[in-house]
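Student: just a sequence and a predicted model for now, questions to come.
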Amino acid sequence: MTPKILVAVLLYCSTLTAAGATDLTVTVNGAKNHGGYIVAAIFDGEKSFLKRPEALASFRIKASQVDVGFAVKNLPSGKYAVSAFHDENDNGKLDTDPSGNPIEVYGFSNDARGAFGPPEWTQAAFELGDQNKTISIKLGF
């Protein structure tokens, strides 16, 4: 294959990839203080939801009492959900009291909340179409 044809094929393929790609911006607010980190994850399916090692992307951002955020570029259209928590003691996990109730603030896309535990995928999932999207997550109990 000649170099000119190869370049043309590569440019065409990159155009196809970018054509169906959308940017997602996530803003997280409600940290109790600026100690520790905001830990967030984006999930692209019900089976991986809330399994951080299976997240599409994970983020660890220095906590602040003002909004913090991140962006993911070139996501394909589809359903996604986001979880976040304020890891105040920087141990990498959402801490709980002896009865299992969280003692660090947390939140989900769509402000989803479960009755006795985390929300279901269907509560937190949102559709990402062909337009860039910004969502906000409010941390709380």
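Tutor: Alright, I've got the coordinates.
Student: alpha carbons only for contacts and neighbour counts from here, please
Tutor: Fine.
Student: show me the beta-bridge partners of the residue nearest the centre of the chain.
Tutor: Residue closest to the average C-alpha location in the chain (CA atoms, centre = their mean): I42, at 3.1 Å. I42 forms beta bridges with A57, V82, as assigned by DSSP bridges.
Student: I'd assumed K79 was in contact with G45.
Tutor: Yes - the pair G45 / K79 is scored as a contact, 7.1 Å apart, by CA atoms under 8 Å.
Student: for the residue nearest to the centre of the chain, what are its contacts?
Tutor: Counting by CA atoms under 8 Å, 6 or more residues apart in numbering, I42 touches A55, L56, A57, S58, Y80, A81, V82, S83.
Student: so which of these is the most crowded?
Tutor: Using other CA atoms under 10 Å as the neighbour criterion, V82 leads the contacts of I42 with 29 neighbours.
Student: pretty sure it is touching A41, no?
Tutor: Yes - under the contact definition of CA under 8 Å, V82 touches A41, with a separation of 5.6 Å.
Student: quick check: neighbours shared by those two?
Tutor: Counting by CA under 8 Å, 6+ apart, V82 and A41 have no contacts in common.
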